[in-house]
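In: Okay, predicted coordinates and the sequence, questions at the end:
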Amino acid sequence: MSTATIDAHLLLRVAYTAFAAGVGASLVFSLTVYGVVRSSEMRREQRSVAAASYGLLGAIGLVLTVALIVFGLILLARKS
Amino acid sequence: MNGDIILVIVIVTALAFDLTNGFHDTANVVATAISTRAIAPKVAVAGASLLNFAGAFISLKVATTVGKGFVDTHAVTTTVVFAGLVGAIAWNIITWYFGLPSSSSHALIGGLVGSVAAASGFGAVNGDGLISNLIVPAIIAPILALLTAGVAILVTYRIVGKLRPGPTNRGFRLGQIASSSLLALSHGTNDAQKTMGVITLALVAHGNISATAFHVPTWVVVASASAISIGTFSGGWRIIRTLGTRIVKMDPAQGFAAQGAGAAVILAASSVGYPLSTTHVISGGIMGAGAGKRLSAVRWGVAGNIVAGWLVTLPAAAIFGGLVYAISSLFGHNAIGPLVISTVLLLALTAVFTRRAQQSTPAPAPS
C-alpha cells in the first residue's frame, strides 16, 4: 500500500471533525442536564440565586447543543 | 431494446437492494433509543424512516465516489452493473442465512469491482480509489466511533456522575431524541447514496449521462431516498417484536454518546464522500460507550466478527460479482442473461426465505 494513494490530510480532517463533534455534543448536552438538574435541586432548597445560575448554565448548554447540530448540518449541506 | 430492458432490471434490482439495506439497518438506527425507552418504538421507526428519506437529499458526494471512484466508467456496461448488484445480493443472502457478519456497502462495491474485473480485466479497477476511499476509511471509521463514544461517555460521567439518576436519565432520554434523529439522518445520507451511485453508473453505461459530466439525476435521488425510507419503515416492525432479546443494556447517557459519535463519524465521512459501513460505525459507537463505563461490558466477540466481516466481504462479493458476469455472458450480450439470472435469484430468494421460515417455526406439540 503506497502512502501516496491515501489522502492522509482528508482522513485526519474527518477524524478530528467527527471526534470534536461527537465529544463536543456530549459535553455541551451534559452541561445542559447538569444545569437543569442542579437548578431544580436549588429551587427545592429555596436558593434562588444558585437556581438561576444553574438554570443559565443549562440554557447555555442547550443553545450550544442546538448550535453545534445546526452548524454541522449547514456545513455538510454547503460542502455537497 | 436489450439495453433498455437490462437498465430497467438494474434499476429495480438496485432499488430492491436499497430497500433491504433500510430493512436491515433499522435496528442499528433505532435500537439504542428504544432500549433506553427514550422514544416509543413506533415513533422511533416512523421518525427514522422520514429522516432516512430527508438524509438522502443532504449530500451527493458519496454517490459520486461510488459512481466513479472505484472503476473506470468506460469499462462499465449495464450488464456489468447488474452482475455487481446480484453478486452483492447473493453474498448478503448467504451471510444472512448462515449468520455470518457482513456489510451491505462493502458487498455492493465488492460485487461491482468483481464484475468490472471479469468484464474488462483488473486494469479497469481503480486500486488507489479502493484503498483510499473504501478500505482505509472502513478500518478507521469504527475505531474512530469507538474512541469518540468512549471519550464522550467519560466526559459525560465526569459532569453528571454525581447527580440523581432519575432526572439525569430523563434529560438524556430527551437528548436521545436529537441524537437518534441525527443518526437516522446520517444513515440516509451515506447509505442511500450508494444506490444512487450505482444507478447513475448504469445510466452512464447506457448512454443517458455523459461520463465526463457525471451527475446524479433528481429522480434517482428521490427513488433511492424512497426505497431506503420504505425499507426502514418495514424493517422496524420486525425489530419491535424481537426487541427484548437483541439489545444490549445501556443507560440513556451511553445511548446519547453512542448515537452522537456514530452520527458525527458518518456525517463527517459523508461530507468528503467516503462510503462507510454504517453498521460497523454504529457498532463501534455502542462498544465505545459500553467500554467507557466498564470494559468487560463490551462483547468483544462482536468486534472480532466485524473484523472478519471486513476481511471477507469485499473479496467474496467481488468473486460473486465476477461469477455472475461470467454466467450472464454465456447467454451473449443481450437481455436474456440478466433475465435468466433475475429469475433464478428470485426463485433462490423464495426458497431461502421459505426454508428459514420453516426452521424458525416451532414444531407442534405431540398430542
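Out: On my side now, so go ahead.

In: Pull up the gap between the residue nearest the centre of chain A and A:Val49, please.
Out: Nearest to the mean C-alpha position of chain A, by C-alpha atoms, centre = their mean, lies A:Ala25 at 2.9 Å. Using C-beta to C-beta, to the nearest Å, we find A:Ala25 at a distance of 30 Å from A:Val49. Backbone N, C-alpha and C define where each C-beta goes, glycine included.

In: circling back: so the residue nearest to the centre of chain A touches A:Ala67, yeah?
Out: No: with contact defined as C-beta atoms under 8 Å, A:Ala25 and A:Ala67 do not form a contacting pair (10.7 Å).

In: re the thing from before, need the nearest residue in space to the residue nearest to the centre of chain A, chain neighbours excluded.
Out: Nearest non-adjacent residue to A:Ala25, counting by C-beta to C-beta, 6 or more residues apart in numbering or on different chains: B:Gly260, 4.6 Å away.

In: from memory the one you found sits against A:Val28, does it?
Out: No: the criterion here is C-beta under 8 Å, and B:Gly260 misses it with A:Val28 at 10.6 Å.

In: Neighbour count: these two, which is higher?
Out: B:Gly260 (34 against 19; other C-beta atoms under 10 Å in any protein chain shown).

In: ok now do the more buried one, which residues does it touch?
Out: The contact partners of B:Gly260, by C-beta atoms under 8 Å, 6 or more residues apart in numbering or on different chains, come to A:21-22, A:25-26, B:149, B:152, B:179, B:182, B:285.

In: ranges for the helices of chain A?
Out: A:8-44, A:48-79 (DSSP state H).

In: which stretch in these is the model least sure about?
Out: Looking at these, the lowest mean pLDDT belongs to helix A:48-79 (a mean of 90).

In: and the stretch 151-300 of chain B, which residues reach chain A?
Out: Contact residues (C-beta under 8 Å from any C-beta of the partner chain) of the stretch 151-300 of chain B with chain A: B:151-153, B:155-156, B:159-160, B:163-164, B:167-168, B:171-172, B:175, B:178-179, B:182, B:185, B:189, B:253, B:256-257, B:260-261, B:263-265, B:267-272, B:274.

In: ok, 6 Å please
Out: Proximity of the stretch 151-300 of chain B to chain A, by C-beta under 6 Å from any C-beta of the partner chain, involves residues B:151-152, B:155-156, B:159-160, B:163, B:167-168, B:171, B:175, B:257, B:260-261, B:264-265, B:267-269, B:271-272.

In: okay, and for the stretch 251-367 of chain B, where does confidence drop off?
Out: Counting by pLDDT under 70, the stretch 251-367 of chain B contains low-confidence ranges at B:297-299, B:302, B:306, B:356-357, B:359-367.

In: All the strands of it, residue numbers only.
Out: Taking DSSP state E, counting those that start in this stretch, the stretch 251-367 of chain B contains no strands at all.

In: the helices in it, which residues?
Out: Assigned by DSSP state H, counting those that start in this stretch, the helices in the stretch 251-367 of chain B fall at B:252-272, B:278-293, B:300-330, B:336-360.

In: The second one vs helix B:252-272, what angle?
Out: Using axes from the mean of the first three to the mean of the last three C-alpha atoms, to 10 degrees, the interaxial angle of helix B:278-293 with respect to helix B:252-272 works out to 140 degrees.

In: which secondary structure elements does helix B:278-293 contact?
Out: Contact here means 3 or more C-beta pairs under 6 Å, 6 or more residues apart in numbering or on different chains; DSSP states H and E; on that basis helix B:278-293 packs against helix B:136-160, helix B:165-206, helix B:252-272.

In: out of those helices, deepest packed?
Out: helix B:252-272 (a mean of 31; mean count of other C-beta atoms under 10 Å in any protein chain shown).

In: Measure how that helix sits relative to helix A:8-44, angle-wise.
Out: For helix B:252-272 against helix A:8-44, the angle by the same axes, to 10 degrees is 150 degrees.

In: what residues does chain A put near chain B?
Out: So far as C-beta under 6 Å from any C-beta goes, chain A lies against chain B at A:1, A:5-7, A:10, A:14-15, A:17-19, A:21-23, A:25-27, A:29-30, A:33-34, A:37, A:76-77, A:79-80.

In: Now, of these, which are buried?
Out: Taking 16 or more other C-beta atoms under 10 Å in any protein chain shown as the criterion, what is buried in the residues of chain A next to chain B is A:5-6, A:14-15, A:17-19, A:21-23, A:25-27, A:29-30, A:33-34, A:37, A:76, A:80.

In: What segments of the stretch 1-150 of chain B are helices?
Out: B:2-35, B:41-55, B:61-68, B:78-98, B:104-120, B:127-130, B:136-160.

In: which helices and strands does the longest one pack with?
Out: Under the contact definition 3+ C-beta pairs under 6 Å, 6+ apart, helix B:2-35 sits against helix B:41-55, helix B:78-98, helix B:165-206, helix B:218-246, helix B:252-272, helix B:336-360.

In: Return the distance of stretch B:108-128 from the chain's centre.
Out: Counting by C-alpha atoms, centre = their mean, to the nearest Å, stretch B:108-128 is centred 20 Å from the centre of its parent chain.

In: One more: stretch A:41-48?
Out: 27 Å.

In: Now do the buried residues in that stretch.
Out: A:41-42.

In: ends of it, how far apart?
Out: Taking C-alpha to C-alpha, to the nearest Å, the first and last residues of stretch A:41-48 lie 10 Å apart.

In: Which residues does it contact?
Out: Applying C-beta atoms under 6 Å, 6 or more residues apart in numbering or on different chains, the contact partners of stretch A:41-48 are A:50-51, A:54.

In: can you list the weak-confidence ranges in the stretch 101-250 of chain B?
Out: Filtered on pLDDT under 70, the stretch 101-250 of chain B yields the residue ranges B:101, B:235-248.

In: and with 80 instead?
Out: B:101-102, B:235-249 (pLDDT under 80).

In: since we're on A:Ala50, how many residues are nearby?
Out: When neighbours are defined as other C-beta under 10 Å, A:Ala50 has 15 of them.

In: For it, give me its contacts.
Out: Contacts of A:Ala50 by C-beta under 6 Å, 6+ apart are A:Met42.

In: now do B:Val81
Out: So B:Val81 contacts B:10, B:201-202 (C-beta under 6 Å, 6+ apart).

In: go again using 7 Å as the cut-off
Out: B:10, B:112, B:198, B:201-202, B:205 (C-beta atoms under 7 Å, 6 or more residues apart in numbering or on different chains).

In: One more: B:Leu183?
Out: Per C-beta under 7 Å, 6+ apart, neighbours of B:Leu183: B:29, B:259, B:262-263.

In: B:Ala31 versus that one, what's the distance?
Out: Using C-beta to C-beta, B:Leu183 is found at 10 Å from B:Ala31.

In: Show me which residues of the stretch 1-150 of chain B are close to chain A?
Out: Neighbours of chain A within the stretch 1-150 of chain B, by C-beta under 7 Å from any C-beta of the partner chain: B:58-61, B:128, B:131-132, B:136, B:140, B:144, B:148-149.

In: Thanks a lot, catch you later.
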